[in-house]
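**Student:** I'll drop the sequence and a predicted model, then ask my questions.
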Amino acid sequence: MLQLEGVTVRYGDAIWALQDVNLEVAENKITALLGANGAGKTTVIRVIAGLVRPVAGVVRWEGEILSGPVEERSRQGLAVVPEGRQLWPGLTVAEHLTLAVYPVLGPRQRFRSRLPEAYQARIEQLLDQFPALRRHWRHRAETMSGGEQQMLALARALATNPKLLALDEPSVGLAPLVVEELFGRLESTVRAGMTVLLVEQNAEAALDVADWAYVLQSGRVVASGSRRDLDASGALEEAYLGRSSQAL
Amino acid sequence: MRLLATAIGQALITGVALGVIFGLVALGFVVIYQVAGVLNFAQGSFVVWGGLFSAWLVSDLGWSSILALVASVLTAMGLGVAVGRVAVSVRQHGETAALIVTVGIGIVLEGVFLALFGDQPLSFSAPIGQQAWHLANVVVLPEQALMAGLGAVVVLAVQWLLRRTIWGMALRACAANPASARLFGMDPRRMATIAFAIAGGVGGLVGYLVTPMTGMDFGSDVTWTINGFSAAIVGGLGDPLWAVGGGLALGLVESFLGTFGSSAYETAGALVAMLVVLLWRPQGLFIRRAS
(Lines give C-alpha, C1' and ligand atoms only; values in the text may rest on other atoms or scores of the structure.)
Protein backbone atom coordinates (compact mmCIF):
# COMPACT_ATOMS: atom_id res chain seq x y z
CA MET A 1 0.00 0.00 0.00
CA LEU A 2 2.82 2.39 0.94
CA GLN A 3 6.39 1.87 -0.18
CA LEU A 4 9.57 3.77 0.50
CA GLU A 5 12.05 3.09 -2.30
CA GLY A 6 15.66 4.09 -1.75
CA VAL A 7 14.67 7.08 0.38
CA THR A 8 17.64 9.18 1.44
CA VAL A 9 17.37 12.28 3.58
CA ARG A 10 20.14 14.64 4.54
CA TYR A 11 19.96 17.42 7.12
CA GLY A 12 22.48 20.10 6.21
CA ASP A 13 25.65 18.99 4.47
CA ALA A 14 26.87 16.40 6.91
CA ILE A 15 24.02 14.57 8.61
CA TRP A 16 22.49 11.63 6.73
CA ALA A 17 19.18 11.04 8.50
CA LEU A 18 18.12 8.21 6.17
CA GLN A 19 20.20 6.27 3.68
CA ASP A 20 18.61 4.18 0.96
CA VAL A 21 15.62 3.15 3.06
CA ASN A 22 13.33 0.56 1.49
CA LEU A 23 10.23 -0.55 3.30
CA GLU A 24 6.66 -1.53 2.63
CA VAL A 25 3.55 -1.01 4.71
CA ALA A 26 1.12 -3.76 3.78
CA GLU A 27 -2.59 -3.06 3.53
CA ASN A 28 -4.75 -3.81 6.53
CA LYS A 29 -1.77 -4.78 8.69
CA ILE A 30 0.22 -3.19 11.50
CA THR A 31 3.79 -2.59 10.39
CA ALA A 32 6.23 -1.53 13.10
CA LEU A 33 9.32 0.57 12.53
CA LEU A 34 11.69 0.03 15.43
CA GLY A 35 14.99 1.52 16.43
CA ALA A 36 16.87 3.38 19.13
CA ASN A 37 16.84 7.15 19.60
CA GLY A 38 18.29 8.94 16.61
CA ALA A 39 17.89 5.96 14.27
CA GLY A 40 15.83 8.06 11.83
CA LYS A 41 12.33 6.80 12.67
CA THR A 42 10.74 10.25 12.97
CA THR A 43 12.33 11.29 9.67
CA VAL A 44 10.52 8.39 7.97
CA ILE A 45 7.22 9.74 9.31
CA ARG A 46 8.11 13.28 8.20
CA VAL A 47 8.93 12.03 4.71
CA ILE A 48 5.61 10.18 4.50
CA ALA A 49 3.71 13.23 5.80
CA GLY A 50 5.35 15.47 3.21
CA LEU A 51 7.22 17.62 5.74
CA VAL A 52 10.68 16.52 4.56
CA ARG A 53 11.70 16.05 0.94
CA PRO A 54 14.15 13.20 0.33
CA VAL A 55 17.30 13.99 -1.65
CA ALA A 56 16.91 10.60 -3.34
CA GLY A 57 14.26 7.91 -3.59
CA VAL A 58 10.48 8.04 -3.70
CA VAL A 59 7.44 7.27 -1.60
CA ARG A 60 4.73 5.32 -3.40
CA TRP A 61 1.13 5.38 -2.26
CA GLU A 62 -1.13 2.82 -3.87
CA GLY A 63 1.37 2.57 -6.72
CA GLU A 64 1.65 6.33 -7.40
CA ILE A 65 4.58 8.51 -6.39
CA LEU A 66 3.65 10.82 -3.49
CA SER A 67 4.90 14.34 -4.03
CA GLY A 68 2.07 16.67 -3.06
CA PRO A 69 1.85 18.91 0.02
CA VAL A 70 0.60 17.81 3.43
CA GLU A 71 -3.06 18.61 2.85
CA GLU A 72 -3.11 16.68 -0.42
CA ARG A 73 -1.75 13.63 1.39
CA SER A 74 -4.56 13.98 3.97
CA ARG A 75 -7.09 14.01 1.16
CA GLN A 76 -5.44 10.88 -0.28
CA GLY A 77 -6.03 9.05 2.99
CA LEU A 78 -2.83 9.46 5.01
CA ALA A 79 -2.92 10.58 8.64
CA VAL A 80 -0.15 11.09 11.17
CA VAL A 81 -0.09 11.07 14.96
CA PRO A 82 3.12 13.02 15.62
CA GLU A 83 5.63 12.34 18.36
CA GLY A 84 4.77 14.01 21.66
CA ARG A 85 1.11 14.25 20.58
CA GLN A 86 1.58 17.86 19.39
CA LEU A 87 -1.82 19.08 20.47
CA TRP A 88 -2.78 22.75 20.36
CA PRO A 89 -2.61 24.25 23.87
CA GLY A 90 -5.48 26.62 24.54
CA LEU A 91 -7.81 24.84 22.13
CA THR A 92 -10.60 22.63 23.43
CA VAL A 93 -11.20 18.99 22.56
CA ALA A 94 -14.10 20.17 20.37
CA GLU A 95 -11.80 22.54 18.50
CA HIS A 96 -9.14 19.86 18.05
CA LEU A 97 -11.60 17.45 16.49
CA THR A 98 -13.09 20.19 14.32
CA LEU A 99 -9.65 21.17 13.02
CA ALA A 100 -8.78 17.54 12.43
CA VAL A 101 -10.70 17.68 9.15
CA TYR A 102 -9.30 21.10 8.16
CA PRO A 103 -7.14 19.71 5.35
CA VAL A 104 -10.11 18.10 3.62
CA LEU A 105 -12.43 21.13 3.90
CA GLY A 106 -13.06 23.47 1.00
CA PRO A 107 -12.18 27.19 1.32
CA ARG A 108 -15.81 28.19 1.96
CA GLN A 109 -16.37 25.49 4.53
CA ARG A 110 -13.39 26.80 6.49
CA PHE A 111 -15.11 30.13 7.07
CA ARG A 112 -18.21 28.54 8.56
CA SER A 113 -18.69 27.92 12.24
CA ARG A 114 -20.01 24.37 11.86
CA LEU A 115 -18.63 21.37 10.04
CA PRO A 116 -20.64 19.72 7.27
CA GLU A 117 -22.99 17.00 8.51
CA ALA A 118 -20.83 14.10 7.30
CA TYR A 119 -17.86 15.26 9.38
CA GLN A 120 -20.02 15.93 12.41
CA ALA A 121 -21.34 12.38 12.19
CA ARG A 122 -17.75 11.11 11.99
CA ILE A 123 -16.80 13.07 15.11
CA GLU A 124 -19.84 11.63 16.90
CA GLN A 125 -18.58 8.14 16.01
CA LEU A 126 -15.17 9.01 17.43
CA LEU A 127 -16.73 10.32 20.64
CA ASP A 128 -18.53 6.99 21.00
CA GLN A 129 -15.19 5.22 20.61
CA PHE A 130 -13.40 7.59 23.00
CA PRO A 131 -15.94 8.44 25.74
CA ALA A 132 -13.31 10.41 27.73
CA LEU A 133 -13.19 12.93 24.90
CA ARG A 134 -16.93 13.47 25.13
CA ARG A 135 -16.56 14.14 28.86
CA HIS A 136 -13.84 16.71 28.16
CA TRP A 137 -15.52 18.13 25.04
CA ARG A 138 -15.40 21.76 26.22
CA HIS A 139 -12.10 21.43 28.11
CA ARG A 140 -8.73 22.61 26.88
CA ALA A 141 -6.63 19.70 25.70
CA GLU A 142 -3.75 20.43 28.08
CA THR A 143 -6.00 19.95 31.11
CA MET A 144 -6.46 16.22 30.34
CA SER A 145 -4.23 13.36 31.51
CA GLY A 146 -1.39 12.11 29.29
CA GLY A 147 -3.40 9.05 28.25
CA GLU A 148 -6.45 11.14 27.38
CA GLN A 149 -4.26 13.52 25.38
CA GLN A 150 -2.86 10.59 23.41
CA MET A 151 -6.42 9.40 22.74
CA LEU A 152 -7.25 12.89 21.48
CA ALA A 153 -4.18 12.83 19.20
CA LEU A 154 -5.33 9.45 17.88
CA ALA A 155 -8.95 10.56 17.42
CA ARG A 156 -7.73 13.73 15.67
CA ALA A 157 -5.83 11.61 13.16
CA LEU A 158 -8.77 9.25 12.67
CA ALA A 159 -11.27 12.05 11.98
CA THR A 160 -10.60 12.13 8.25
CA ASN A 161 -11.21 8.37 8.11
CA PRO A 162 -7.72 7.71 6.72
CA LYS A 163 -6.65 4.54 4.92
CA LEU A 164 -3.24 4.64 6.57
CA LEU A 165 -2.43 5.84 10.05
CA ALA A 166 1.21 6.56 10.89
CA LEU A 167 1.99 6.93 14.60
CA ASP A 168 5.26 8.30 15.91
CA GLU A 169 6.22 6.96 19.35
CA PRO A 170 2.65 6.94 20.72
CA SER A 171 3.65 5.08 23.91
CA VAL A 172 6.15 7.67 25.17
CA GLY A 173 5.30 8.92 28.65
CA LEU A 174 2.29 6.64 29.08
CA ALA A 175 1.68 4.08 31.82
CA PRO A 176 1.87 0.43 30.67
CA LEU A 177 -1.88 -0.06 31.08
CA VAL A 178 -2.60 2.98 28.93
CA VAL A 179 -0.15 1.73 26.28
CA GLU A 180 -1.97 -1.60 26.30
CA GLU A 181 -5.32 0.17 25.80
CA LEU A 182 -3.88 2.35 23.06
CA PHE A 183 -2.35 -0.54 21.13
CA GLY A 184 -5.58 -2.50 21.59
CA ARG A 185 -7.36 0.34 19.85
CA LEU A 186 -4.85 0.19 17.00
CA GLU A 187 -5.66 -3.49 16.55
CA SER A 188 -9.37 -2.70 16.38
CA THR A 189 -8.79 0.08 13.81
CA VAL A 190 -6.95 -2.45 11.65
CA ARG A 191 -9.83 -4.90 12.06
CA ALA A 192 -12.07 -2.09 10.85
CA GLY A 193 -10.06 -1.90 7.62
CA MET A 194 -7.29 0.58 8.33
CA THR A 195 -3.55 0.16 7.79
CA VAL A 196 -1.10 1.19 10.52
CA LEU A 197 2.56 2.18 10.52
CA LEU A 198 3.71 2.15 14.12
CA VAL A 199 7.01 3.89 14.78
CA GLU A 200 8.17 2.84 18.22
CA GLN A 201 11.15 2.71 20.49
CA ASN A 202 9.20 0.39 22.79
CA ALA A 203 9.88 -2.68 20.66
CA GLU A 204 8.33 -5.14 23.09
CA ALA A 205 4.91 -3.46 23.09
CA ALA A 206 5.00 -2.78 19.35
CA LEU A 207 5.90 -6.35 18.42
CA ASP A 208 2.96 -7.61 20.49
CA VAL A 209 0.60 -6.06 17.95
CA ALA A 210 2.67 -5.77 14.75
CA ASP A 211 2.35 -8.19 11.83
CA TRP A 212 5.70 -7.18 10.43
CA ALA A 213 8.56 -5.01 11.63
CA TYR A 214 11.52 -3.12 10.24
CA VAL A 215 14.55 -2.26 12.34
CA LEU A 216 16.27 1.03 11.65
CA GLN A 217 19.82 1.80 12.77
CA SER A 218 21.72 5.01 11.95
CA GLY A 219 19.33 5.80 9.11
CA ARG A 220 19.46 2.37 7.47
CA VAL A 221 17.06 -0.57 7.57
CA VAL A 222 19.17 -3.32 9.14
CA ALA A 223 16.55 -6.03 9.53
CA SER A 224 12.94 -6.86 8.89
CA GLY A 225 10.59 -9.69 9.60
CA SER A 226 8.00 -11.06 11.99
CA ARG A 227 8.57 -11.04 15.73
CA ARG A 228 9.88 -14.59 15.56
CA ASP A 229 12.37 -13.68 12.80
CA LEU A 230 13.67 -10.69 14.73
CA ASP A 231 13.94 -12.61 18.01
CA ALA A 232 15.88 -15.37 16.27
CA SER A 233 18.28 -13.02 14.51
CA GLY A 234 19.13 -10.80 17.46
CA ALA A 235 18.84 -7.81 15.12
CA LEU A 236 16.86 -5.83 17.65
CA GLU A 237 19.50 -6.25 20.33
CA GLU A 238 22.10 -5.07 17.90
CA ALA A 239 20.05 -2.02 16.89
CA TYR A 240 19.28 -1.04 20.47
CA LEU A 241 22.43 -2.10 22.27
CA GLY A 242 24.97 -2.10 19.48
CA ARG A 243 25.79 -5.80 19.89
CA SER A 244 26.94 -7.61 16.82
CA SER A 245 24.74 -10.27 15.30
CA GLN A 246 24.10 -11.74 11.92
CA ALA A 247 21.87 -9.74 9.64
CA LEU A 248 18.66 -11.23 8.42
CA MET B 1 -21.63 68.07 43.99
CA ARG B 2 -23.57 68.29 40.75
CA LEU B 3 -20.49 69.65 39.02
CA LEU B 4 -18.48 66.72 40.30
CA ALA B 5 -21.09 64.23 39.05
CA THR B 6 -21.06 65.92 35.65
CA ALA B 7 -17.26 65.83 35.53
CA ILE B 8 -17.26 62.14 36.46
CA GLY B 9 -19.95 61.39 33.86
CA GLN B 10 -18.00 63.29 31.21
CA ALA B 11 -14.78 61.48 32.13
CA LEU B 12 -16.62 58.15 31.87
CA ILE B 13 -17.99 58.91 28.39
CA THR B 14 -14.63 60.17 27.15
CA GLY B 15 -12.85 57.26 28.82
CA VAL B 16 -15.07 54.62 27.23
CA ALA B 17 -14.70 56.13 23.74
CA LEU B 18 -10.94 56.45 24.20
CA GLY B 19 -10.81 52.98 25.77
CA VAL B 20 -12.51 51.30 22.81
CA ILE B 21 -9.96 52.94 20.53
CA PHE B 22 -7.01 51.84 22.70
CA GLY B 23 -8.64 48.44 22.85
CA LEU B 24 -8.68 48.20 19.07
CA VAL B 25 -4.98 49.02 18.86
CA ALA B 26 -4.35 46.49 21.63
CA LEU B 27 -6.43 43.94 19.74
CA GLY B 28 -4.02 44.32 16.82
CA PHE B 29 -1.09 43.70 19.17
CA VAL B 30 -2.71 40.59 20.63
CA VAL B 31 -3.88 39.06 17.34
CA ILE B 32 -0.37 39.40 15.89
CA TYR B 33 1.31 38.18 19.06
CA GLN B 34 -1.04 35.22 19.34
CA VAL B 35 -0.68 34.08 15.76
CA ALA B 36 2.81 35.20 14.73
CA GLY B 37 4.60 35.40 18.10
CA VAL B 38 5.72 38.94 17.25
CA LEU B 39 5.29 42.04 19.40
CA ASN B 40 4.62 44.49 16.61
CA PHE B 41 5.89 47.92 17.60
CA ALA B 42 4.90 49.29 14.19
CA GLN B 43 1.26 48.99 15.27
CA GLY B 44 0.93 52.77 15.75
CA SER B 45 2.06 53.31 12.14
CA PHE B 46 -1.13 51.60 10.88
CA VAL B 47 -3.17 54.14 12.89
CA VAL B 48 -1.15 57.07 11.57
CA TRP B 49 -1.49 55.81 7.99
CA GLY B 50 -5.27 55.41 8.38
CA GLY B 51 -5.61 58.94 9.75
CA LEU B 52 -3.30 60.75 7.33
CA PHE B 53 -4.49 58.88 4.25
CA SER B 54 -8.18 59.45 5.12
CA ALA B 55 -7.55 63.15 5.74
CA TRP B 56 -5.70 63.47 2.43
CA LEU B 57 -8.43 61.64 0.50
CA VAL B 58 -11.28 63.65 2.04
CA SER B 59 -9.69 67.11 2.37
CA ASP B 60 -7.40 67.19 -0.67
CA LEU B 61 -9.08 64.87 -3.15
CA GLY B 62 -12.66 65.45 -2.04
CA TRP B 63 -13.52 61.78 -1.60
CA SER B 64 -16.57 60.88 0.47
CA SER B 65 -15.74 59.78 4.00
CA ILE B 66 -17.16 56.29 3.43
CA LEU B 67 -14.90 55.74 0.41
CA ALA B 68 -11.99 57.15 2.39
CA LEU B 69 -12.78 54.68 5.19
CA VAL B 70 -12.74 51.71 2.82
CA ALA B 71 -9.56 52.90 1.08
CA SER B 72 -7.78 53.58 4.37
CA VAL B 73 -8.67 50.22 5.88
CA LEU B 74 -7.70 48.30 2.72
CA THR B 75 -4.38 50.11 2.28
CA ALA B 76 -3.62 49.73 6.00
CA MET B 77 -4.22 45.99 5.57
CA GLY B 78 -1.73 46.05 2.70
CA LEU B 79 0.74 47.88 4.92
CA GLY B 80 0.10 45.23 7.58
CA VAL B 81 0.90 42.47 5.10
CA ALA B 82 4.15 44.21 4.08
CA VAL B 83 5.24 44.70 7.70
CA GLY B 84 4.16 41.14 8.47
CA ARG B 85 6.22 39.64 5.66
CA VAL B 86 9.37 41.25 7.04
CA ALA B 87 8.62 40.59 10.71
CA VAL B 88 7.60 36.96 10.16
CA SER B 89 10.73 36.20 8.16
CA VAL B 90 12.86 37.65 10.96
CA ARG B 91 10.84 35.82 13.64
CA GLN B 92 12.83 32.63 13.04
CA HIS B 93 15.83 34.42 14.59
CA GLY B 94 13.85 35.01 17.79
CA GLU B 95 11.14 37.14 19.30
CA THR B 96 13.54 39.95 20.21
CA ALA B 97 14.90 40.21 16.67
CA ALA B 98 11.38 40.52 15.29
CA LEU B 99 10.46 43.12 17.90
CA ILE B 100 13.51 45.26 17.06
CA VAL B 101 12.75 45.01 13.35
CA THR B 102 9.20 46.27 13.92
CA VAL B 103 10.58 49.23 15.92
CA GLY B 104 12.84 49.96 12.95
CA ILE B 105 9.96 49.67 10.49
CA GLY B 106 7.98 52.15 12.63
CA ILE B 107 10.84 54.67 12.42
CA VAL B 108 11.18 54.21 8.65
CA LEU B 109 7.41 54.63 8.19
CA GLU B 110 7.52 57.86 10.23
CA GLY B 111 9.96 59.21 7.64
CA VAL B 112 7.79 57.99 4.78
CA PHE B 113 4.70 59.65 6.28
CA LEU B 114 6.65 62.90 6.76
CA ALA B 115 7.70 62.85 3.11
CA LEU B 116 4.20 62.00 1.87
CA PHE B 117 2.00 64.15 4.08
CA GLY B 118 4.29 66.85 5.52
CA ASP B 119 4.96 67.81 9.12
CA GLN B 120 1.64 69.51 9.88
CA PRO B 121 -1.22 67.65 11.55
CA LEU B 122 -4.02 66.72 9.15
CA SER B 123 -7.70 66.35 9.88
CA PHE B 124 -11.04 66.08 8.12
CA SER B 125 -14.71 66.59 8.96
CA ALA B 126 -16.37 63.87 10.97
CA PRO B 127 -18.37 61.49 8.82
CA ILE B 128 -21.44 62.04 11.00
CA GLY B 129 -23.10 65.25 12.23
CA GLN B 130 -21.55 67.89 14.43
CA GLN B 131 -24.50 68.12 16.82
CA ALA B 132 -23.54 66.92 20.28
CA TRP B 133 -25.99 64.99 22.43
CA HIS B 134 -26.67 65.87 26.06
CA LEU B 135 -27.31 63.18 28.65
CA ALA B 136 -28.21 65.19 31.75
CA ASN B 137 -25.28 67.61 31.72
CA VAL B 138 -22.86 65.19 30.10
CA VAL B 139 -21.95 65.93 26.49
CA VAL B 140 -21.63 63.03 24.06
CA LEU B 141 -19.99 63.88 20.75
CA PRO B 142 -21.18 62.04 17.63
CA GLU B 143 -17.56 61.05 16.92
CA GLN B 144 -17.36 59.43 20.34
CA ALA B 145 -20.55 57.47 19.69
CA LEU B 146 -19.19 56.41 16.30
CA MET B 147 -15.87 55.34 17.81
CA ALA B 148 -17.52 53.28 20.54
CA GLY B 149 -20.16 51.80 18.23
CA LEU B 150 -17.93 50.91 15.30
CA GLY B 151 -15.18 49.81 17.68
CA ALA B 152 -17.54 47.42 19.45
CA VAL B 153 -18.70 45.99 16.10
CA VAL B 154 -15.11 45.38 14.99
CA VAL B 155 -14.15 43.78 18.31
CA LEU B 156 -17.14 41.44 18.15
CA ALA B 157 -16.42 40.62 14.49
CA VAL B 158 -12.78 39.75 15.19
CA GLN B 159 -13.79 37.76 18.25
CA TRP B 160 -16.39 35.87 16.18
CA LEU B 161 -13.82 35.21 13.46
CA LEU B 162 -11.25 33.85 15.90
CA ARG B 163 -13.56 31.92 18.24
CA ARG B 164 -16.44 30.78 16.10
CA THR B 165 -15.16 30.04 12.62
CA ILE B 166 -13.11 26.97 11.76
CA TRP B 167 -10.61 29.28 10.08
CA GLY B 168 -10.25 31.29 13.31
CA MET B 169 -9.59 28.05 15.20
CA ALA B 170 -6.89 27.26 12.63
CA LEU B 171 -5.38 30.69 13.19
CA ARG B 172 -5.14 29.95 16.91
CA ALA B 173 -3.83 26.44 16.27
CA CYS B 174 -1.00 27.92 14.18
CA ALA B 175 -0.11 30.12 17.12
CA ALA B 176 -0.33 27.26 19.63
CA ASN B 177 1.78 24.74 17.72
CA PRO B 178 2.88 25.68 14.20
CA ALA B 179 4.58 22.33 13.50
CA SER B 180 1.45 20.39 14.30
CA ALA B 181 -0.75 22.88 12.43
CA ARG B 182 1.37 22.25 9.33
CA LEU B 183 0.56 18.52 9.61
CA PHE B 184 -3.10 19.40 9.29
CA GLY B 185 -2.72 21.47 6.16
CA MET B 186 -2.45 24.89 7.80
CA ASP B 187 0.19 27.37 6.74
CA PRO B 188 1.47 29.21 9.84
CA ARG B 189 3.42 31.82 7.84
CA ARG B 190 0.37 32.68 5.78
CA MET B 191 -1.78 32.81 8.89
CA ALA B 192 0.77 35.15 10.52
CA THR B 193 0.61 37.44 7.49
CA ILE B 194 -3.19 37.43 7.69
CA ALA B 195 -2.95 38.37 11.38
CA PHE B 196 -0.83 41.36 10.36
CA ALA B 197 -3.44 42.26 7.74
CA ILE B 198 -6.23 42.15 10.35
CA ALA B 199 -4.17 44.28 12.75
CA GLY B 200 -3.32 46.68 9.92
CA GLY B 201 -6.97 47.05 8.91
CA VAL B 202 -8.08 47.64 12.50
CA GLY B 203 -5.27 50.19 12.94
CA GLY B 204 -6.36 51.97 9.74
CA LEU B 205 -9.92 52.11 11.06
CA VAL B 206 -8.71 53.63 14.35
CA GLY B 207 -6.80 56.29 12.43
CA TYR B 208 -9.91 57.11 10.42
CA LEU B 209 -12.05 57.35 13.56
CA VAL B 210 -9.79 59.53 15.70
CA THR B 211 -8.42 61.96 13.13
CA PRO B 212 -11.58 64.16 12.90
CA MET B 213 -11.38 64.63 16.69
CA THR B 214 -7.69 64.88 17.47
CA GLY B 215 -5.97 65.36 14.12
CA MET B 216 -3.04 63.19 13.11
CA ASP B 217 0.60 63.90 12.35
CA PHE B 218 3.43 61.76 11.06
CA GLY B 219 4.96 61.26 14.51
CA SER B 220 1.81 60.17 16.38
CA ASP B 221 2.68 56.50 15.99
CA VAL B 222 4.77 56.36 19.18
CA THR B 223 1.86 57.51 21.35
CA TRP B 224 -0.49 55.02 19.69
CA THR B 225 1.98 52.20 20.03
CA ILE B 226 2.60 52.96 23.72
CA ASN B 227 -1.11 53.19 24.48
CA GLY B 228 -1.99 50.08 22.49
CA PHE B 229 0.85 48.07 23.97
CA SER B 230 0.00 49.24 27.50
CA ALA B 231 -3.65 48.27 26.96
CA ALA B 232 -2.59 44.84 25.65
CA ILE B 233 -0.37 44.30 28.69
CA VAL B 234 -3.05 45.54 31.11
CA GLY B 235 -5.60 43.18 29.56
CA GLY B 236 -3.15 40.34 29.05
CA LEU B 237 -1.61 39.27 25.77
CA GLY B 238 -3.56 36.04 25.79
CA ASP B 239 -6.96 37.06 24.47
CA PRO B 240 -8.13 39.76 22.04
CA LEU B 241 -11.29 40.40 24.05
CA TRP B 242 -9.37 41.02 27.26
CA ALA B 243 -7.07 43.37 25.36
CA VAL B 244 -10.14 45.47 24.69
CA GLY B 245 -10.91 45.29 28.42
CA GLY B 246 -7.37 46.55 28.99
CA GLY B 247 -8.03 49.36 26.53
CA LEU B 248 -11.17 50.38 28.41
CA ALA B 249 -9.30 50.35 31.74
CA LEU B 250 -6.54 52.47 30.25
CA GLY B 251 -8.98 54.84 28.52
CA LEU B 252 -10.73 55.47 31.82
CA VAL B 253 -7.42 56.01 33.67
CA GLU B 254 -6.29 58.55 31.06
CA SER B 255 -9.66 60.26 30.90
CA PHE B 256 -9.89 60.67 34.69
CA LEU B 257 -6.27 61.86 34.77
CA GLY B 258 -7.08 64.42 32.07
CA THR B 259 -10.26 65.56 33.84
CA PHE B 260 -9.00 65.73 37.40
CA GLY B 261 -5.27 66.16 36.83
CA SER B 262 -3.55 67.26 33.68
CA SER B 263 -3.81 65.88 30.16
CA ALA B 264 -0.02 66.20 29.98
CA TYR B 265 0.22 63.09 32.17
CA GLU B 266 -2.09 60.89 30.07
CA THR B 267 0.63 58.88 28.31
CA ALA B 268 2.63 58.69 31.52
CA GLY B 269 -0.54 57.37 33.14
CA ALA B 270 -0.72 54.61 30.54
CA LEU B 271 2.85 53.59 31.25
CA VAL B 272 2.36 53.67 35.03
CA ALA B 273 -0.82 51.57 34.68
CA MET B 274 1.15 49.07 32.59
CA LEU B 275 3.97 48.91 35.13
CA VAL B 276 1.55 48.44 38.03
CA VAL B 277 -0.18 45.58 36.19
CA LEU B 278 3.17 44.01 35.24
CA LEU B 279 4.22 44.03 38.92
CA TRP B 280 0.88 43.02 40.37
CA ARG B 281 -0.66 40.72 37.75
CA PRO B 282 1.92 39.99 35.02
CA GLN B 283 -0.55 37.74 33.20
CA GLY B 284 -2.94 40.69 32.74
CA LEU B 285 -5.89 42.02 34.71
CA PHE B 286 -8.47 39.58 33.43
CA ILE B 287 -6.56 36.36 32.83
CA ARG B 288 -6.20 33.82 35.59
CA ARG B 289 -2.64 32.77 36.27
CA ALA B 290 -1.88 29.36 34.78
CA SER B 291 -1.57 26.71 37.48
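**Tutor:** That came through, no problem.
**Student:** which element follows the longest helix that chain A contains toward the C-terminus?
**Tutor:** Of all the segments of type helix in chain A, defined by DSSP state H, the longest one is helix A:176-191. On the C-terminal side of helix A:176-191, the closest following helix or strand by DSSP states H and E is strand A:195-200.
**Student:** so what does that following strand touch, helix or strand wise?
**Tutor:** Using 3 or more C-beta pairs under 8 Å, 6 or more residues apart in numbering or on different chains; DSSP states H and E as the contact criterion, the elements in contact with strand A:195-200 are strand A:30-34, helix A:41-49, strand A:164-168, helix A:176-191, helix A:203-209. (Each C-beta comes from the backbone N, C-alpha and C, glycine too.)
**Student:** And for the longest one, what's in contact with it?
**Tutor:** Read it as helix A:176-191. When contacts are defined by C-beta atoms under 8 Å, 6 or more residues apart in numbering or on different chains, helix A:176-191 is touched by residues A:28-30, A:129, A:146-147, A:150-151, A:154, A:158, A:165, A:167, A:170-171, A:174, A:196, A:198, A:202, A:205-206, A:208-209.
**Student:** got JSON lines for the helices and strands packed on strand A:195-200, with distance to residue A:110, mean neighbour count and mean pLDDT too?
**Tutor:** Supplementary listing: the helices and strands packed on strand A:195-200 in JSON lines, determined by distance: least, C-beta to C-beta, whole Å; neighbours: other C-beta atoms under 10 Å in any protein chain shown; pLDDT from 0 to 100:
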{"stretch": "strand A:30-34", "distance to residue A:110": "33", "mean neighbour count": "27", "mean pLDDT": "91"}
{"stretch": "helix A:41-49", "distance to residue A:110": "21", "mean neighbour count": "23", "mean pLDDT": "90"}
{"stretch": "strand A:164-168", "distance to residue A:110": "24", "mean neighbour count": "24", "mean pLDDT": "91"}
{"stretch": "helix A:176-191", "distance to residue A:110": "27", "mean neighbour count": "15", "mean pLDDT": "84"}
{"stretch": "helix A:203-209", "distance to residue A:110": "36", "mean neighbour count": "19", "mean pLDDT": "85"}
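**Student:** and chain A, which residues reach chain B?
**Tutor:** Chain A has residues A:49, A:51, A:69-71, A:74, A:80, A:82, A:86-91, A:95, A:98-100, A:102-103, A:105, A:109-113, A:115 near chain B, with proximity defined as C-beta under 8 Å from any C-beta of the partner chain.
**Student:** Inside helices: which ones of these?
**Tutor:** Where the residues of chain A next to chain B overlap with helices, as defined by DSSP H, the overlap consists of A:49, A:70, A:71, A:74, A:95, A:98, A:99, A:109, A:110.
**Student:** check contacts around the residue in chain B that chain A sits nearest to.
**Tutor:** Among the residues of chain B, residue B:185 lies nearest to chain A; the distance is 3.1 Å by C-beta to the nearest C-beta. Remark: with contacts taken as C-beta under 8 Å, 6+ apart, residue B:185 is in contact with A:69, A:70, A:71, A:74, A:102, A:103.
**Student:** Can you name the helix or strand that it falls in?
**Tutor:** Residue B:185 belongs to no helix or strand when assigned by DSSP H and E.
**Student:** Quick one, grab the pLDDT at it.
**Tutor:** pLDDT recorded at residue B:185 is 85.
**Student:** With residue B:64 instead?
**Tutor:** Among the per-residue scores, residue B:64 holds a pLDDT of 91.
**Student:** which non-adjacent residue is nearest it?
**Tutor:** residue B:58 (7.7 Å; C-beta to C-beta, 6 or more residues apart in numbering or on different chains).
**Student:** any idea where the strands of the stretch 1-150 of chain B begin and end?
**Tutor:** Taking DSSP state E, counting those that start in this stretch as the criterion, the stretch 1-150 of chain B carries its strands at B:133-135, B:138-140.
**Student:** Redo the contacts of residue B:185 as TSV? Include pLDDT and neighbour count.
**Tutor:** Below are these laid out as TSV (pLDDT from 0 to 100; neighbours: other C-beta atoms under 10 Å in any protein chain shown):
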residue	pLDDT	neighbour count
A:69	78	13
A:70	76	19
A:71	74	19
A:74	80	25
A:102	90	23
A:103	85	19
